[in-house]
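Novice: Give me the fold of what follows.
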Amino acid sequence: MSRSDTASPGAARRRILTLAWPIILSNITVPLLGLVDTAVVGHLPDARYLAAVTLGATLFSFLYWGFGFLRMGTTGLTSQAVGRENDSDVRNLLGQSLLLAAGIGVALVVFSRPLIALGLWLLDGSEAATVLASEYAGIRILSAPAVLANYAILGWFLGQQNSRVTLSILVLTNGVNIVLDLVFVIGLGMTSDGVAWATVIADYTALVFGLWLVSRQLRWLSGSFLRSRLLAIAAYGELFSVNANLFVRTLGLLFAMAFFTSRGAAQGDTVLAANAVLLQFIMLTSYALDGFAHATEALTGRSVGAKRWAEFTQAVRGAAWFSLITAGIASLAFALGGDALIALLTGLPEVRDTAAIYLPWMVAMPLIAVWSYLLDGVFIGATAIREMRNSIFVGLAVYLPAWWLGQTLLPEALANHGLWLAFTLFMLTRSVTLIAYYYQRRRTDWC
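Specialist: Numbering: from 1, shown residues only. Here you go, the predicted structure:
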């Protein structure tokens, strides 16, 4: 494909769609696995098992999300190496990311007892459920090296604009997990421990498959793994810098989500449940928007590496076009069918009625948040991670005072509206900050 072709609007949109659809499909497999886990354990005779799996799964969602930088950082740096046509960098970035993932994964296993104890204490489940959740988590933490290595592999392939690998690995992982759930729990009579072992085996199966795909891809890359790149700490400088900022950024985002959940919980179980239902609307939107954001990472990273700024511009514009259409469709769907979606997610009348009160916030949210999804992809591809990090903390500087003012000035009946307003302002501030950073970088560096 010639430079003029890749820089044309039509070619950019086709490439974005080609990269995005496997990611969107792979995202859909994630809630499917959660539904199967819930259905299998939910039919056991004691509700403690479902509570234990829910607590354990929540713990690992937060834990592994915190190390998502292994995927994002690898994507950005690999895509830039592809743009420079430097196969040696592409190859050695994989080696560095896998070694880093293995080191962190082993450390998580070694220090698992205090980490699990702290996490379950923070989640504050019942004593009976916490005991079972601790057993579940003690098994599932064994897959940490595989999970983190898979993040690195997925990021490496995405950086080379091969998103179909993401789909194949996640479909295999979740497919094996679902089958083993049924075998262990229904076939062998295991309980929450069976769900944990199913996940561990599925994660290592995915790692073996991913490494096989890697071995095939390496045949097409020139050069070799360099001891000086893999074993010298100094050679990890750029990778450490990018990943450290991504880690701090993710911690800030996790805090924002945890704060929202805790402040909803303080208003009672019904408000907590209603907010949880509405947060699923955000998750549904993210499944599609993440697909276009990840495609943007790969395309903008390659353009930055090659310093092809016309191609960079068309990639951003094409991704913005798809993202805005998706956000508009989501807002319209929530406005017209939000009540039906709430009813699908919960059968409790009081939770349905409460969620319906706050539904208008969900109608506005996709059009506000879309820019943060899109520009996260741009900044990851360009490895401009400090700007991403800063946007989170600028957002928090608006979010927390806005929440405090809402709780101080609004009557108790409107307290949850105040919480949603503060969270919406957090997302809006993030979007505005990233837009400002984007135009600044376009004038100075990306031109």
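Novice: For Tyr126, what are phi and psi?
Specialist: That one is not Tyr; residue 126 is Ser. Phi and psi for Ser126, reported as degrees, to the nearest 10, are phi -70, psi 160.
Novice: count of residues packed around it?
Specialist: Burial measure for Ser126: 14 neighbouring residues, criterion other C-beta atoms under 10 Å. Glycine gets a C-beta too; all of them are placed from N, C-alpha and C.
Novice: Quick check, it in contact with Ala51.
Specialist: Yes: with contact defined as C-beta atoms under 8 Å, Ser126 and Ala51 form a contacting pair (6.7 Å).
Novice: which sections of the stretch 301-447 of the chain are below the confidence cut-off?
Specialist: Applying pLDDT under 70 to the stretch 301-447 of the chain flags no residue at all.
Novice: For whichever strand or helix holds Val394, name the packing helices and strands.
Specialist: With elements delineated by DSSP states H and E, Val394 resides in helix 385-409, which encompasses its position. With contacts taken as 3 or more C-beta pairs under 8 Å, 6 or more residues apart in numbering; DSSP states H and E, helix 385-409 sits against helix 237-265, helix 359-381, helix 415-444.
Novice: Output these as JSON lines; include the columns mean neighbour count.
Specialist: Written out in JSON lines, the entries for the helices and strands packed on helix 385-409 read as follows (neighbours: other C-beta atoms under 10 Å):
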{"stretch": "helix 237-265", "mean neighbour count": "17"}
{"stretch": "helix 359-381", "mean neighbour count": "23"}
{"stretch": "helix 415-444", "mean neighbour count": "19"}
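Novice: Compare the ones you listed and give me the one nearest Leu170.
Specialist: For the helices and strands packed on helix 385-409, distance to Leu170 was read as C-beta to C-beta. The smallest value, 18.7 Å, belongs to helix 359-381.
Novice: Below-threshold pLDDT in the stretch 51-200 of the chain: ranges please.
Specialist: Judged by pLDDT under 70, no stretch of the stretch 51-200 of the chain qualifies at all.
Novice: what does the helix holding Val394 contact?
Specialist: Outside helix 385-409, the residues that touch it by C-beta atoms under 8 Å, 6 or more residues apart in numbering are 73, 76, 241-242, 245-246, 248-249, 252-253, 255-256, 259, 263, 372, 376, 379-380, 414-415, 417-419, 421-423, 425-427, 429-430, 433-434, 437, 441.
Novice: ok, and for that helix, which residues are buried?
Specialist: If you call a residue buried by 16 or more other C-beta atoms under 10 Å, then helix 385-409 has these buried ones: 385, 387-392, 394-396, 398-399, 402-403, 406-407.
Novice: Distance check, the residue nearest the centre of the chain against Ser323.
Specialist: Of all residues in the chain, the one closest to the mean position by C-alpha atoms, centre = their mean is Trp65, 6.3 Å from it. With distances taken as C-beta to C-beta, to the nearest Å, Trp65 is found 22 Å from Ser323.
Novice: And for Leu348?
Specialist: Noted for Leu348: a distance of 34 Å to Ser323, by C-beta to C-beta.
Novice: can you give me the helices for the stretch 201-350 of the chain?
Specialist: Assigned helices in the stretch 201-350 of the chain, in chain order: 227-230, 237-265, 269-306, 309-345, 349-357 (criterion: DSSP state H, counting those that start in this stretch).
Novice: mind putting these in TSV, distance to Ala12 included?
Specialist: Compiled in TSV, the helices of the stretch 201-350 of the chain are given as follows (distance: least, C-beta to C-beta, whole Å):
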stretch	distance to Ala12
helix 227-230	33
helix 237-265	25
helix 269-306	7
helix 309-345	4
helix 349-357	39
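Novice: Could you check the angle the helix or strand where Leu154 lies makes with helix 269-306?
Specialist: Take DSSP H and E as the rule and Leu154 turns out to sit in helix 144-159. For helix 144-159 against helix 269-306, the angle between stretch directions is 50 degrees (axes from the mean of the first three to the mean of the last three C-alpha atoms, to 10 degrees).
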